[in-house]
Structures are given as C-alpha cells and as structure tokens.
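**Student:** Following is a predicted model, sequence given first.
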Amino acid sequence: MTTITRFAPSPTGLLHLGNIRTALINWLYAKNSGGKFILRIDDTDQERSKDEYISQIKYDLEWLGIDYDETFNQSSRFERYKEQFEKLKSDGRIYACYETPEELERKRKLQMAAGGKQVYDRSALKLTEQQIKDYENDGRKPHWRFLLQTERMKWNDLLKGEIDIDLTSLSDPVLFREDGVPLYTFSSAVDDVDYNITNVIRGDDHTSNTAVQIEIINALDKNKISFAHHALLKASTGDKLSKRDNVISIDSFRKDNIEPISILSLLATIGTSNSIELKSGIKQIIEEFKLETISTSPGRIEIGVLKALNKKQVQKFDYEEIQSRLTEIDENVDKKFWDTIKGNLETVEEISSWTDIVFNSKPAESDDKDYIKLALELMPEEPWDDDTWTTWTNAIKEKTGRKGKELFLPLRVAFTGLTHGPEMKLLIQLIGRDKIVERIQT
RNA sequence: GGUCCCUUCGUCUAGCGGUUAGGAUAUCUGGUUUUCAUCCAGAAGAUCACGGGUUCGAAUCCCGUAGGGACCGCCA
C-alpha cells in the first residue's frame, strides 16, 4: 500500500516554524517511503479563512522546496460532507441539539463551579417531540453532535506508543454548525478516509481529538489510518508558539534573508536525536529521515542555531550558484569579490555593505595620521597580487618598527572603516590602489 | 476541575536493569590565519526534576510529589 500523508493548514495565519515542521515531517515520511503527499486547505470556516493566506502558504512551501502531489480546499467538498453527514444520521450516530452558544457556556461554567467534568450533558437526547417543535417554532435551528459510544479509545501511536484515552471525559463533538457548516473534526475525518490517507502525523495538541476522530472514522468506514503525534515546539523563551508570533514565521525568515536549506536543516534537527548540522540539500534530509528520531518532549527553537546554520550555508555557496542574486545586489560583484568577502557574511544580502566599502569611497578618520601618511609613501605601484600586502607591510614594519596589531589595524581601519573583515591581502586588491590613495589622503 | 503527555550537559538529544552517562551544537583554551571568520587539536560542562519503593544493582521498572505542555469550542 502506498503511503499517503497530508498537511492540512487552516488559512487563518502565516506558516511558522511549528506548523511547517509538521508539514515537513509528513512530506519527508511520504518521500522517504516513495509515497504521496497531499496539501489540504482546511477552510471550512469561511469567516476566518483568507485567500491571501492560502497563496502565502503555497508560496512558503514552494520556497522551502516542499512540493505536493495533490491539493484541494475543504470548501469545495461541502456536498460530500453533507452526504456523509446523512449517512451517520441514518445510522443514528448524530443527534440534533438546540442549545445556543450562551446556554452551553453557562452549562460549562456551572459544571466548572461544581468541580465536575466539563462535558456536554446530552440533554438534547432527552428532548420531547413537543420541546423540539417549540424550538423550531422559536426559529432555532439545530446543530448536530456525534454520539460517542466508546469508553476508552486505544491506538498504537507511531511516535507516542500505546495511547489510551478516556472518551467519557470528552464532549460529543459538534459536527455540523447551526448554519450547516461542517466542523474540522468531521470534514477532516471524511477527507482522510476519502483520500486514503495512510498516516496522519500531527502535533500533540491533536491527541485527544484523534480519539474522537477514530470513532468517527470507524463510523464512516473501517479505520486504516495510522496516527502519530509529535511534541510541539516551544519558543526560545520556553513559551508556546503562537500563530501571531511573527518572528518565527517563514515569511519573516525569508525577509531576513535566511536560506531555505538553513530552515530545513534546523527543522530536521530540532527535537530529534540528529546531529545539529547544515544539510547539503533536501535530498540528504529525505535520505536521513527517520520518524523514530523525533522526540516526544517539546523542543525549544534557538534562533542562534538557525543563524549559525545560515552562516555556514552562505560561506559554502559557490559564486556560480548565486551569481544572479549577487549581481542584482551589485553588478560589480564577481567571483573574486564573492570568494574574498563571503567568509565574513551571515546572509548573502549582507554583501551590500561590502560593495559599499569596496566600491564607494568611504574616507575614515584616523587618529594615527602620520603613520598612515608613511604607509602611503611606501605603497607599491600596481599591478598588485597576493604578495603585495606582505611586501608593503614588511616595508612599513622595517621603517616604523611596528608589528602585529599596531602594524596592520590602523591600515585596515583607514581603508575600510572597520576593525575586522576579510583578509587584507585580498581585500586591498579588490579596492585597488587609486581608491586606497583617495581614502588615505582625505 | 477532568483527560492525555513531558522532565538527562546552556541548547537538541543517546540511553530500554550493570556505561568513566555517549554524541551534536554552543562555550573556553592552544595552534593556523600578521585581525575577525574558517580550519585543526584539546578542555570544561549533567547531584539524569524531587521523594519513596522493587532489586545484589535504577537515568532506565513501580508509586507519589513538583514543574511544564496539550486538549476539554457551533476554532483548526
């Protein structure tokens, strides 16, 4: 049987490290076993779903290199949900409820005050025909609940092991709203069955929900789906992740010029027993993927690790790989320029600060003017090569008796305005004699 | 309140009854680079949340406690 997994985001916000991790795990699980991966947009709640988020989600996935064999929107399947709803209804698994949200809220508060279970009391089941008629005459429309019959739902979770949930501690789930809109608990179960999903891998927050869904799936069909629940990720502070937490959205990382492979490498590492390292590409991540390496305890997102991985990737780039990106930043960036500068970059786009230093004359104030003046006098004529710097500084050394930091640091500052940077013997060739003279003389 | 789950170096983790508790990363030191980064070599870093029990022997099994998380919605 072919493995089929799915990622089912609701388009109510941006994708972040947490939910993209779930997507990646599902994608890798499918890829690793030669299976299929489906992108399902859970947009049954039309009020909260936004088209812009749908395109953003697809763009983020594409940018990261996570492709899908098939995609569909739940909003296109309302008829099918209705059909399956009728089936469950005729099987007597669904019953009509007439409580308003306010009434339900009041019940919950009462239950909480009494210290009992906050579970729906099934009073709708005891309604007389007359009471129902009265509600209907009042203009109330029913919402529909699924009658939970299992006391304890057990399954073998691929990540958490044997799970045993007390279903009597959970309310009968509402499957259809008063306005006829199917709820996630139901539409998801219908789709997972219809699309022959073999493995549902999702966050730990769905664990008790899974108990409910298994019973629904069993009522629809024979359950053949294997479930796995991974621990959620925590923010670096130890707090839970939020959809509104923009600092970890994929979009924000892209805007910060973080490379996709850096994000993928972090995701393939965090909360797993894998070594923290930069991966060579998505292919390596697929090959190395093992579901069992994913931990059941929540991992912390360390942005510092992401940045370190990205830095490694930047320094790994060959000029040819990113030539168009570089020349777009500055057309004068050639291979020599890139190779000289890349060791000092954390993102590719940071190169712009160096094109500025190299190409635009930026005179730096020196408090060591006499020394700089002397250096100018001793500066070799062009053409310059890799030995020029040594020849030059040796001459200065001889004349002044300076050595080490005293010798070179004032020069670096005078040429670049910075106390650190690429190797001087290469950098001075990039800047060139004319510009250096210009800078020193100012 | 109920249900389910988690807790091992700063961080991510290995560990499945006998280990000097291993690795990765970060940190520090030395070497290389006449700076920084890279690279190489090395070091330090964990009373295995706490308490009890089982056992000749517990990070590992059992019970309890504490801390943390998820869910308990006409959201997903």
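**Tutor:** Received the coordinates, thanks.

**Student:** how does chain A divide up, domain by domain?
**Tutor:** With automatic domain parsing as the criterion, the domains of chain A are listed as A:4-72+A:184-230, A:80-176, A:246-316, A:319-359, A:369-441.

**Student:** Can I get those in TSV including mean neighbour count?
**Tutor:** Heads up, the C-betas are built off the backbone N, CA and C, glycines and all. Below are these laid out as TSV (neighbours: other Cβ atoms under 10 Å):
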stretch	mean neighbour count
domain A:4-72+A:184-230	19
domain A:80-176	15
domain A:246-316	17
domain A:319-359	16
domain A:369-441	15
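
**Student:** mind putting those domains in a markdown table, distance to A:Lys240 and mean pLDDT included?
**Tutor:** Below are the domains of chain A laid out as a markdown table (distance: least, Cβ to Cβ, whole Å; pLDDT from 0 to 100):
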| stretch | distance to A:Lys240 | mean pLDDT |
| --- | --- | --- |
| domain A:4-72+A:184-230 | 9 | 95 |
| domain A:80-176 | 19 | 93 |
| domain A:246-316 | 9 | 92 |
| domain A:319-359 | 28 | 89 |
| domain A:369-441 | 39 | 82 |
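
**Student:** Grab the longest helix from chain A for me.
**Tutor:** Ranked by residue count and defined by DSSP state H, the top helix of chain A is helix A:17-32.

**Student:** Report the distance from that helix to the chain centre.
**Tutor:** Here helix A:17-32 is found 10 Å from its chain centre; the criterion is Cα atoms, centre = their mean, to the nearest Å.

**Student:** and the next helix or strand after that helix, which strands flank it?
**Tutor:** Where DSSP states H and E defines the elements, the next helix or strand beyond helix A:17-32 is strand A:36-41. Strand A:36-41 has the following strand partners under DSSP bridges: strand A:4-7 (parallel), strand A:70-73 (parallel).

**Student:** Show the subsequent helix or strand relative to strand A:36-41.
**Tutor:** Per DSSP H and E, the first helix or strand lying C-terminal to strand A:36-41 is helix A:51-64.

**Student:** which secondary structure elements does that next one contact?
**Tutor:** For helix A:51-64, the helices and strands in contact under the criterion 3 or more Cβ pairs under 8 Å, 6 or more residues apart in numbering; DSSP states H and E are helix A:17-32, strand A:36-41, helix A:250-255, helix A:260-267.

**Student:** And the contacts of the longest one?
**Tutor:** The set of residues that contact helix A:17-32 without belonging to it, under Cβ atoms under 8 Å, 6 or more residues apart in numbering, is A:3-7, A:9, A:15, A:35-37, A:60-61, A:64, A:66, A:68, A:199, A:201-203, A:230, A:232-233, A:241, A:248, A:250, A:263-264, A:266-268, A:270-271, A:285-287, A:289, A:291, A:294, A:301.

**Student:** restrict the residues you listed to contacts with RNA strand B.
**Tutor:** A:9, A:232, A:270-271 (Cβ under 7 Å from any atom of the strand).

**Student:** Can you tell me which of those is nearest RNA strand B?
**Tutor:** Proximity of these to RNA strand B (Cβ to the nearest atom of the strand) peaks at A:Gly271, which lies at 3.5 Å.

**Student:** Skipping its backbone neighbours, what lies nearest the closest one in space?
**Tutor:** A:Gly299 (3.2 Å; Cβ to Cβ, 6 or more residues apart in numbering).

**Student:** surely that neighbour meets A:Ser273?
**Tutor:** No - here A:Gly299 does not reach A:Ser273: they are 11.0 Å apart, not a contact under Cβ atoms under 8 Å.

**Student:** Which one, of the strands paired with strand A:36-41, ends up nearest to A:Arg402?
**Tutor:** strand A:4-7 (62.1 Å; Cβ to Cβ).

**Student:** isn't A:Met15 right next to A:Ile54, touching?
**Tutor:** Rather than Met, residue A:15 is Leu. No - judged on Cβ under 8 Å, A:Leu15 makes no contact with A:Ile54 at a distance of 11.1 Å.

**Student:** could you measure A:Gln323 against RNA strand B, distance?
**Tutor:** Distance of A:Gln323 to RNA strand B, given as Cβ to the nearest atom of the strand, to the nearest Å: 22 Å.

**Student:** Which strands and helices lie in contact with the helix or strand in which that residue is found?
**Tutor:** Here A:Gln323 sits within helix A:323-329, counting by DSSP H and E. With contacts taken as 3+ Cβ pairs under 8 Å, 6+ apart, helix A:323-329 sits against helix A:351-359.
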